[in-house]
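J.: Sequence plus predicted model, see below.
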Amino acid sequence: MNSKAYLLFDLDGTLSDPLEGIAKSINHALKAFGYETRSHGELSRFIGPPLDLTFRELSGREDKTHILALVECFRDYFGRQGYAENLLYQGIPEIVKTLYRQGIPMAVCTAKREDFAGKIIRLFALEPYFDFISGGDTGVRKGDQIRALLNQGRISPQSIMIGDREGDISAARQNHIRSAGVLWGYGSRDELSTASPDWILGAPEDLAELPLHLKEDS
């Protein structure tokens, strides 16, 4: 199989701003299990990391059964309502369509469960522009997802992971592919600089430079 060099997009904090829906979903789960709810601002730092890690920290518990119950309660709200409490970042639809017209292979690689990610992509009518969605699940890390995509021949090692958090960048490095950190999401410049992506992009229109690097190595 001749795999293609893809632009792999994180979803939360990269294509869309999910804070409203994620914060409400987290608080729905916390309240259901008797924990104190938190402000949206306080919960913004949990945009990106896997849900099991989020609820371990917020609950102070390590019991796997309890953590999974919190995750499922989160997903109950998110699947009904939270996924739709989401906004695309300004400029994202335009640059995605531009890259598509240029024939650039694009896909979504998110820690979010694949069915939820699909609902969000369809909500914003972006489905035609992405070849596939790779979603995560409890216990599956983004590095595992990228490794599977490489092993399956779905992407080439010349692909570029694009995301707003350290986890996106480290997942790319674990698999020896390049990465671009974006500053319009929930990761700070300090967080991204410490993670050492190949590029740091300040605005969605800066994504237009990445296809040049795909072509250099194709």
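T.: It's in.
J.: Which strand or helix spans the residue of the chain most remote from its centre?
T.: Most distant from the centre of the chain: Gly34, at 28.8 Å, with distances by C-alpha atoms, centre = their mean. For Gly34, there is no helix or strand it lies in under DSSP states H and E.
J.: State the pLDDT value of it.
T.: What the model reports for Gly34 is a pLDDT of 96.
J.: quick one: it from Leu11, how far?
T.: Here the criterion is C-beta to C-beta, to the nearest Å. By it, Gly34 lies 31 Å from Leu11. Any C-beta I mention is one placed from the backbone N, CA and C, and that applies to glycine too.
J.: next one: Ala203
T.: From Ala203 over to Leu11 the distance is 18 Å, taken as C-beta to C-beta.
J.: Of the two, which one has the most company?
T.: Between Ala203 and Leu11, counted using other C-beta atoms under 10 Å, Leu11 has the larger neighbour count: 22 against 13.
J.: OK, contacts around the more buried one?
T.: Counting by C-beta atoms under 8 Å, 6 or more residues apart in numbering, Leu11 touches 18, 108, 110, 112, 117, 120-121.
J.: Leaving out sequence neighbours, find the closest residue to it.
T.: Once flanking residues are discounted, Leu11 sits nearest to Thr110: 3.9 Å by C-beta to C-beta, 6 or more residues apart in numbering.
J.: and the one you found, how many neighbours does it have?
T.: The burial count for Thr110: 26, using other C-beta under 10 Å.
J.: wait, it sits on Asp10?
T.: Yes - using C-beta atoms under 8 Å, Thr110 is in contact with Asp10, at 5.9 Å.
J.: could you list every residue that touches the residue nearest to Leu11?
T.: Thr110 makes contacts with 10-12, 117, 133-136, as judged by C-beta under 8 Å, 6+ apart.
J.: where does this structure have low pLDDT?
T.: The chain contains residues with pLDDT under 70 at 1-2, 215-218.
J.: Just the helices from it, written as ranges.
T.: In the chain, the helices defined using DSSP state H lie at 19-32, 40-43, 51-59, 64-80, 92-101, 114-123, 142-151, 166-174, 189-195, 210-216.
J.: wait, which of those helices is closest to Ser3?
T.: For Ser3, the closest of those is helix 142-151, at 8.0 Å, according to C-beta to C-beta.
J.: rewinding a little: could the helices of the chain be laid out in CSV, adding distance to Gly181?
T.: What follows is those, written out as CSV (distance: least, C-beta to C-beta, whole Å):
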stretch, distance to Gly181
helix 19-32, 19
helix 40-43, 22
helix 51-59, 20
helix 64-80, 26
helix 92-101, 16
helix 114-123, 20
helix 142-151, 14
helix 166-174, 6
helix 189-195, 4
helix 210-216, 12
